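1. no sequence on this one, just coordinates:
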């Protein structure tokens with residue numbers, strides 16, 4: 001937190017505080033203010049501001065002047081006799097007031113669109129207790145659980161704010177994502193580490209990864225070509241076990257002196273590799289100032305048949321994991337929320353009305369209050385809240401479900417705002433203005449302005465808290481205030497429209513894979529593969545979806561998550577029934593071959609042999625000699641463990657097929673393999 005004159009600047013909440021009064025700013029205005037404050041007393045040119053706020057994106061300079069005007073209005077600054085921001089004509093701007101770092105001594109109110117930490121004192125105290133253990137070198141894994149809308153993210157937000165006050169504390173936050181995020185190996189872990197290597201002290205973190213976890217460092221697009229090649233040679237032959245061991249040891253080095261808090265949200269959508277890593281971290285015995293916080297919905301774990309259920313049971317039983325369940329709020333908690341959120345008194349019976357219809361669910365509670373305010377049934381006046389109709393008459397008009405509430409709130413928005421929100425829901429929980437513009441075929445600035453307006457009014461959206469979303473380098477990015485908001489809006493869009501938007505977004509996103517020479521960049525394709533696969537699948541382009549799933553499986557293989565790779569490939573196999581016969585046949589062989597390799601890598605010999613057997617039958621039926629031979633030689637490696645004589649027989653069969661195929665190199669390789677297995681099995 002920074003102080004200047006009568007103001008305090010609170011970075012996490014994107015607001016100013018003046019005499020305990022909160023002044024909300026839009027994300028872009030706040031970013032301009034932060035950059036000026038960081039360079040207080042120095043000239044900041046227009047070009048420098050544009051580059052800082054819109055990196056690698058061209059925007060009209062006029063938009064900057066608009067944000068400066070909004071900033072002056074928030075600060076009460078007169079441009080003719082400025083006290084804060086001085087305009088230097090044709091040069092830029094200068095922040096005039098001295099700035100000092102101060103420790104946070106206040107607890108800002110919760111955003112109007114969130115439930116705030118009302119009624120969560122005991123849960124936050126429990127988290128404080130686990131933090132004390134972590135600071136003493138006793139690693140802690142803590143799971144915050146509860147139903148959708150009960151306030152898990154709000155509690156984690158409030159606790160993250162507390163964590164930021166500890167000297168030397170590093171915080172990394174990642175989020176599991178429904179859909180492609182569940183297919184991407186280590187997705188939330190890489191999301192969290194991506195923040196660390198872009199934040200303060202990144203050089204030291206990169207050095208530790210380079211020396212102790214090269215299999216992880218190579219996953220990030222920050223290396224030069226020669227560095228990447230050297231690293232690839234170093235990790236040649238690495239395994240999944242090595243990757244898990246490396247990151248565990250790197251985390252212990254990172255936390256030897258300074259503590260680290262890793263926050264992972266929505267673990268009910270976590271990929272198996274992420275859960276394996278969490279398990280490994282929890283079971284290590286060495287000292288570590290590491291606090292891992294996760295959140296999940298118990299009902300979704302059951303419905304999705306997530307492996308988190310068995311992992312959680314095992315870790316809790318061995319006292320390697322601690323849970324903090326969030327219950328619904330009580331009626332006094334609702335009254336406390338109204339008192340904290342609105343100045344003055346509340347009408348008698350209002351808290352009871354809201355409690356009955358929300359049943360203590362914080363998200364429902366805030367949605368009901370918002371709906372009452374927007375409908376005019378509740379007025380927020382200087383002396384406090386006032387009902388504009390008798391309490392008894394309001395009861396029938398309050399929607400009973402969040403879906404109904406959101407539909408009513410959305411209907412009050414303009415048509416353009418509704419389209420932006422619905423298209424954003426297609427992109428995902430987190431999305432960029434670029435993605436919205438791509439789907440709606442409109443300008444990025446127009447989409448960004450609408451998102452900024454919704455964010456400022458705290459309706460549905462808030463600024464994106466982490467990079468890594470599709471198109472984030474091209475524009476500002478945002479996220480829905482709750483995953484239920486996104487789900488409800490997504491369901492509210494017509495199915496045909498969703499299909500068109502998914503496909504259009506995927507097609508436009510393919511353009512992001514091109515380097516300046518017009519050639520597809522391999523690393524970029526791998527990085528976006530899972531997300532593009534999801535959008536093409538939902539856009540009913542199953543052939544391209546299958547091809548990107550193959551790339552996604554390749555990416556999982558690079559992370560030694562071969563079990564995940566096999567699951568992704570089997571999903572791709574199921575999509576083939578929806579595409580034309582000729583490309584389906586080619587893809588089927590490619591996918592089955594990769595499934596065989598992935599199953600073999602994890603020791604599933606029966607699964608590998610089953611995939612090879614399917615390729616053999618398919619290739620023999622269609623006269624595909626090369627595929628037939630390759631499948632036989634792969635099958636031989638499995639048979640060598642269980643039936644060496646059958647291995648030799650399979651190799652000899654492959655040699656016979658080769659004699660009917662005009663490929664001398666394939667024949668030579670097959671004969672050499674057959675001879676090798678013959679010698680190993682029967683001797684010279």
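-> Sure thing, it's come through. Note that the structure is a prediction, hence the values are computed from the model and not measured. Residues are numbered from 1 along each chain as shown.

2. partner residues bridging the residue nearest in space to the middle of the chain?
-> Nearest to the geometric centre of the chain sits residue 175, at 4.2 Å (C-alpha atoms, centre = their mean). Beta bridges link residue 175 to residue 265, judged by DSSP bridges.

3. wait, it sits on residue 429?
-> Yes - at 7.4 Å, residue 175 counts as touching residue 429 under the criterion of C-beta atoms under 8 Å. Yep, even glycine has a C-beta here, placed from its N, CA and C like the rest.

4. Read off the pLDDT value for the residue nearest to the centre of the chain.
-> Looking at residue 175, its pLDDT reads 89.

5. Return the distance of it relative to residue 458.
-> Note on residue 175: its distance to residue 458, by C-beta to C-beta, to the nearest Å, is 20 Å.

6. what's the answer for residue 176, then?
-> Counting by C-beta to C-beta - residue 176 and residue 458 are separated by 25 Å.

7. Compare these two and say which one has the larger neighbour count.
-> Taking neighbours as other C-beta atoms under 10 Å, residue 176 and residue 458 compare with residue 176 leading, 25 against 16.

8. If we ignore the residues flanking it in sequence, what's nearest the more buried one?
-> Leaving out its chain neighbours, the residue that sits closest to residue 176 by C-beta to C-beta, 6 or more residues apart in numbering is residue 269, at 4.0 Å.

9. burial count for that neighbour?
-> Neighbour tally, residue 269, other C-beta under 10 Å: 24.

10. Does it touch residue 178 like I think?
-> Yes - judged on C-beta under 8 Å, residue 269 makes contact with residue 178 at a distance of 5.1 Å.

11. returning to what we had before: do you know how far the residue nearest to the centre of the chain is from residue 252?
-> For residue 175, the distance to residue 252 (C-beta to C-beta) stands at 24 Å.

12. can you check residue 184 too?
-> Note on residue 184: its distance to residue 252, by C-beta to C-beta, is 25 Å.

13. So between the two, which is more surrounded?
-> residue 184 (29 against 19).

14. ok, that one to residue 527 distance?
-> Remark: distance between residue 184 and residue 527 (C-beta to C-beta) = 10 Å.

15. Equivalent analysis for residue 485, please.
-> For residue 485 relative to residue 527 (C-beta to C-beta), the value is 27 Å.

16. Those two - which one has more neighbours?
-> Each of residue 485 and residue 527 has its neighbours counted (other C-beta under 10 Å); residue 485 has more, 26 against 21.

17. Next, the contact list for that one, please.
-> 406, 460 (C-beta atoms under 8 Å, 6 or more residues apart in numbering).

18. Could you say which helix or strand holds it?
-> Per DSSP states H and E, residue 485 falls inside helix 483-492.

19. Can you give me the end-to-end span of stretch 282-301?
-> End-to-end distance for stretch 282-301, by C-alpha to C-alpha, to the nearest Å: 20 Å.

20. Would you mark the buried spots in it?
-> 282, 284, 288-298, 300-301 (16 or more other C-beta atoms under 10 Å).

21. farthest pair in the residues you listed?
-> Largest separation among the buried residues of stretch 282-301 by C-beta to C-beta: 289 and 300, giving 31.3 Å.

22. And the residue nearest to the centre of the chain, how far from residue 488?
-> As judged by C-beta to C-beta, residue 175 and residue 488 stand 19 Å apart.

23. what packs against the helix or strand harbouring residue 204?
-> Of the helices and strands defined by DSSP H and E, residue 204 is found in helix 202-212. If you count contacts as 3 or more C-beta pairs under 8 Å, 6 or more residues apart in numbering; DSSP states H and E, helix 202-212 packs onto helix 214-217, helix 240-254.

24. picking that back up, need the overlap of contacts for residue 184 and residue 527.
-> Each of residue 555 lies in contact with both residue 184 and residue 527 under the rule C-beta under 8 Å, 6+ apart.

25. quick one: low-confidence ranges for the stretch 101-250 of the chain?
-> Across the stretch 101-250 of the chain, the stretches falling below the confidence threshold (pLDDT under 70) are 101-116, 180-182.

26. Okay, helices next: where are they in it?
-> Taking DSSP state H, counting those that start in this stretch to define them, one finds helices in the stretch 101-250 of the chain at 121-135, 152-163, 187-196, 202-212, 214-217, 225-234, 240-254.

27. who touches the nearest residue to residue 602 once chain neighbours are set aside in this structure?
-> With C-beta to C-beta, 6+ apart as the criterion, residue 602 has its nearest non-adjacent residue at 4.9 Å, and that residue is residue 562. If you count contacts by C-beta under 8 Å, 6+ apart, residue 562 has them with 240, 556, 598-599, 601-602.

28. Can you tell me which of these end up in helices?
-> Using DSSP state H to define helices, the subset of these located there is 240, 556, 598-599, 601.

29. Could I get the residues you listed in TSV, plus columns for neighbour count?
-> TSV is the format used below for those (neighbours: other C-beta atoms under 10 Å):
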residue	neighbour count
240	21
556	29
598	26
599	24
601	18
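
30. Export the helices of the stretch 101-250 of the chain as a markdown table, with columns for distance to residue 40.
-> Formatted as a markdown table, these follow (distance: least, C-beta to C-beta, whole Å):
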| stretch | distance to residue 40 |
| --- | --- |
| helix 121-135 | 33 |
| helix 152-163 | 24 |
| helix 187-196 | 26 |
| helix 202-212 | 24 |
| helix 214-217 | 35 |
| helix 225-234 | 36 |
| helix 240-254 | 32 |
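
31. so which of these comes closest to residue 549?
-> Taking those one by one with C-beta to C-beta, helix 187-196 is closest: 15.0 Å.

32. which other residues reach that closest one?
-> With contact meaning C-beta under 8 Å, 6+ apart, helix 187-196 is reached by 170, 172-177, 181, 202, 205, 216, 219-220, 247, 262-265, 267, 270-271, 274, 277, 466-468, 530.

33. same deal with stretch 126-134?
-> 140, 142, 155, 159, 162-163, 259, 261, 289-291, 293, 322, 324.

34. quick one: which of these is nearest residue 660?
-> Nearest to residue 660 out of those is residue 290 (C-beta to C-beta; 60.5 Å).

35. what stretches of the stretch 451-600 of the chain score poorly on pLDDT?
-> Short version for the stretch 451-600 of the chain, where the test is pLDDT under 70: 466-467, 514-524.

36. now do 80
-> 458, 465-468, 472-473, 483-484, 513-527 (pLDDT under 80).
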